[in-house]
Structure formats: C-alpha cells, structure tokens
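Participant: could you work out the structure for the sequence below:
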Amino acid sequence: MTTPLRRCLALLTAVLALAAGLTLPSYAEQTGSGAAARSSAQRAPLTQVQRVRVSWQGTSDNPDYVNSAVVPGIGSLDLICRPNDTRVRLYTDRRGRETQMWLQKYETKNGRAVVAVKTPRIYQYAHAEDDGRGGTGYYAHEGLNQVPGVENRSPGGYMHGVISQRSSREADGAQVASPLQVTTFEHDWNWNGFDHPQRYRSCTIDATITTQYPADQRTVLTWRGWETAPQETLRTALPGIGWLHLSCPTDTELDPTVWIDPYSEESSLDLEDVRGEGAVADQRTTTTRAYDPATGLLGPYPLPSNGTLRMRVLNGEASRWLMLSSYWVTNDRWGPGRNVCELAAGAYNR
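Facilitator: Numbering: from 1, shown residues only. The predicted structure is shown next:
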C-alpha cells in the first residue's frame, strides 16, 4: 500500500473514531514509525464511551423504538422500547464461545426497592461434557417489564452491567488465545401510557457504554477443569490508581479474591456486593477497604461464587469505577473436569 493511501486511510479512521468518542493513536504510532511508536505505551488509555438513547413521544410520526451500540470485539447491544416489547438485547456471531452480560438490575416492585443479579448468556456448550447440540441462539436479553406483556406505566429502573467473552466451556469448543475487551454500561428506563392510544404513549431509555482497549487493562480470568496448570491469577493496570489483582485458585480450600495494589497510601476501595434477588437491603452489601500499611494493599475481598461487585477505587485525587462479574465452581459433584472459573472486570465512565 502506498504512503499517501496509508495516510488517507489513517485520517479517515481518526475522523470516524472521533465521531464515536474513541481516541486513537497517531499515524506514526499506528504504522510503528518514529519516537511516537516507542512512547505509545506511556500515553493515556484508549477508551471508547458511547451514549445511546431511545426516546419517543406517541405524537411522533415515526418513533424510533430501537437504538443500538457496538460491543467492540463481541457484537452489539440493542435498547428496545415498544408498547409490547421492552428489553436490552445482546448479540454475538460467535455462539461457540462463552458470552455473558452480567447485570445489577434495580427497580421498584410492589412499593419495594429491589435488586437482582441477572446473567443473559450466549453459548453452545453449557459445560465441559456438553456435546454442543444445545445451547442458545445468537441473542440473549433481559426484559424491562414486570408483568406479561408490558405494564401501562414503568416504575422506572436502572442497571449496572458488564459484558465479556471467553473460551468455550468445552475443551474442543472455540478457544480465545488472549483476553478480549470488556465492556461495561449503565442504563436507565421509563415509559408511560402503554395501555392508552398511541398519542398518549412515551418512553425513554438511556445508556452509557464504556470499553477499555489496552491489552494491559483487559481483565478476564478464565480456567476450565480440564486444563493442565491453568492460570489462577491476573494483574491489570488501573491508570492513575495502581494495579487490579484477581485470584481464582483451583484449591477448594482457598477462596477467589480481588485486591488493589495502589500507587500511594492515600487510597481506598469502596465495594457494593450484590448477589441473588430481593430487597436491596437484603441482597446488597456495602463496605470499604482502607489502605493496609502492613501489606501495602486495598483488600483482599472475597469474590461471590455467582454474583457481581461494583467498586470505586480512590488514589489521591484520582478515582475509577469498576464493575466485576464472578462465577466459579471448584467442587462440581459430577467431576473435576466440570469445575470452572469465569471472572471479568471493566471500568466505566461516570
């Protein structure tokens, strides 16, 4: 490819990326030339933030009931708000891999503030011994309605979510050589008038979707029971903060944990641990891990076997929000080959 053509393509890529809210390397960094290429690793992290909205009034001639965002490296996320269909829907064309959308879903039900951990999945193999003839399709979703059909008026609600993709749970299934990007999102919704004529109806769904691109910030730790000497720990960078550590031992006597190795003593870790489904007061635990001068760490904190953590890390004036999903089984009664650990964490824009 000629140099002028390379430059034209690089310029076009940059224009499109800026329109999507993505900061890209310079032309020299992309082509590997000059001092810029040598210093690119020291630059600010590449972060894509997408703000997606579905908003319509029934008086509109052609309401837009659906809006979509890219989930980089994985597929797409659809926000849907029709009078008979309200949901968030994930798509990937790689059902041979394990794709997960973990959610902390907050809403009001029967006058109570409730929360639920939800895990829409896309997969071909449910476990290590699955023959691959079952599984799901290419879509997974979480409904926003509380009754069959859709209720007239939504009491409103919001979600914190994290989307990740990893190797199949079956040894001969599709495997991923290195961690893919993790995408997080925050999402709220409200609608009214759905039992009435079209002109009285309205709906709004807002979502902020964040993806970190650098390889040293792709926090996905996975092992399968059929692997020999699987990776049990992972360290990834938190720019301006320090290092995020995950541990998922195969030893049943040891608990999976998360901790932060901060750059300074002026640091702390706030956690919201959500498991199961029910009243917020019963299902959410909040706590803070202060800096431990004996270890120089924040934490460790035990990871849920089937749940989520929302975390805020502070280091001096720097702060970062993280969403983490955790699923692990180390004592499967059908055999050690079906044991599994699937952890993922991503930062999100606030």
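Participant: from one end of stretch 242-256 to the other, what's the distance?
Facilitator: Between the opening and closing residues of stretch 242-256 there is a gap of 20 Å (C-alpha to C-alpha, to the nearest Å).
Participant: low-confidence stretches in the chain?
Facilitator: When residues are selected by pLDDT under 70, those of the chain lie in 1-45.
Participant: what pairs with the nearest residue to N306 once chain neighbours are set aside across the strands?
Facilitator: By the measure of C-beta to C-beta, 6 or more residues apart in numbering, the closest residue to N306 outside its immediate chain neighbours is Y327, 5.6 Å from it. In short, each C-beta sits where N, CA and C put it, glycine included. Beta bridges link Y327 to N306, E342, judged by DSSP bridges.
Participant: which residues are in contact with Y327?
Facilitator: Applying C-beta atoms under 8 Å, 6 or more residues apart in numbering to Y327 gives the contacts Q100, T119, S305, N306, V340, C341, E342, L343.
Participant: roughly how far apart are I260 and V274?
Facilitator: From I260 over to V274 the distance is 19 Å, taken as C-beta to C-beta, to the nearest Å.
Participant: neighbour count for these two, which is higher?
Facilitator: The residue with the greater number of neighbours, taking I260 and V274 and applying other C-beta atoms under 10 Å, is I260; the counts read 27 against 24.
Participant: surely that one is in contact with L238?
Facilitator: Yes: contact status for I260 versus L238: in contact at 7.3 Å, counting by C-beta atoms under 8 Å.
Participant: burial measure for G242, as a count.
Facilitator: By the measure other C-beta under 10 Å, the count of residues near G242 is 21.
Participant: from D64, how far off is the nearest residue in space to it that is not next to it in sequence?
Facilitator: Take G242 and drop its neighbours on the chain: the residue closest to it by C-beta to C-beta, 6+ apart is P262, 3.9 Å away. Separation of P262 from D64 (C-beta to C-beta) stands at 44 Å.
Participant: more crowded one of these two?
Facilitator: Neighbours were tallied for P262 and for D64 using other C-beta under 10 Å; the higher tally belongs to P262 (23 against 11).
Participant: contacts only, for the more buried one.
Facilitator: Under the criterion of C-beta under 8 Å, 6+ apart, the contact list for P262 reads I241, G242, Y291, G296, L297, L298, V313, N315.
Participant: out of those residues, grab the one that's most surrounded.
Facilitator: In the contacts of P262, the most neighbours by other C-beta under 10 Å go to L298, 29 neighbours.
Participant: list the contacts of it.
Facilitator: Remark: with contacts taken as C-beta under 8 Å, 6+ apart, L298 is in contact with W259, I260, D261, P262, S267, S268, L269, R289, A290, Y291, D292, V313.
Participant: could you do L271 as well?
Facilitator: Applying C-beta under 8 Å, 6+ apart, the residues near L271 are T285, T286, T287, T288, R289, Y301, L309, R310, M311.
Participant: one more time with 7 Å
Facilitator: T286, T287, Y301, L309, M311 (C-beta atoms under 7 Å, 6 or more residues apart in numbering).
Participant: and those residues, which two are the farthest apart?
Facilitator: Greatest spatial distance in the contacts of L271: T286 and Y301, 11.8 Å, computed using C-beta to C-beta.
Participant: so these two - more neighbours on which side?
Facilitator: Regarding T286 and Y301, a neighbour count based on other C-beta under 10 Å identifies Y301 as having more, with 17 against 10.
Participant: number of residues surrounding the closest residue to that one other than its chain neighbours?
Facilitator: Sequence neighbours aside, V258 is the residue nearest to Y301 in space, at 5.5 Å (criterion: C-beta to C-beta, 6+ apart). Other residues within reach of V258 by the criterion other C-beta under 10 Å amount to 26.
Participant: over to T184?
Facilitator: T184 has 26 neighbouring residues, counting by other C-beta under 10 Å.
Participant: ok, it to Y213 distance?
Facilitator: For T184, the distance to Y213 (C-beta to C-beta) stands at 13 Å.
Participant: then P148?
Facilitator: For P148, the distance to Y213 - C-beta to C-beta - is 41 Å.
Participant: what ranges does the stretch 201-350 of the chain have for its strands?
Facilitator: In chain order, the stretch 201-350 of the chain shows strands spanning 202-212, 219-224, 233-238, 242-247, 257-262, 267-275, 277-279, 284-292, 297-302, 306-315, 318-329, 340-348, with DSSP state E, counting those that start in this stretch as the criterion.
Participant: to G161, which of the ones you listed lies closest?
Facilitator: When the strands of the stretch 201-350 of the chain are compared by C-beta to C-beta, strand 318-329 sits nearest G161, at 7.0 Å.
Participant: let's check: the centremost residue of the chain is which one?
Facilitator: Central residue of the chain (C-alpha atoms, centre = their mean): V162, 1.6 Å from the mean position.
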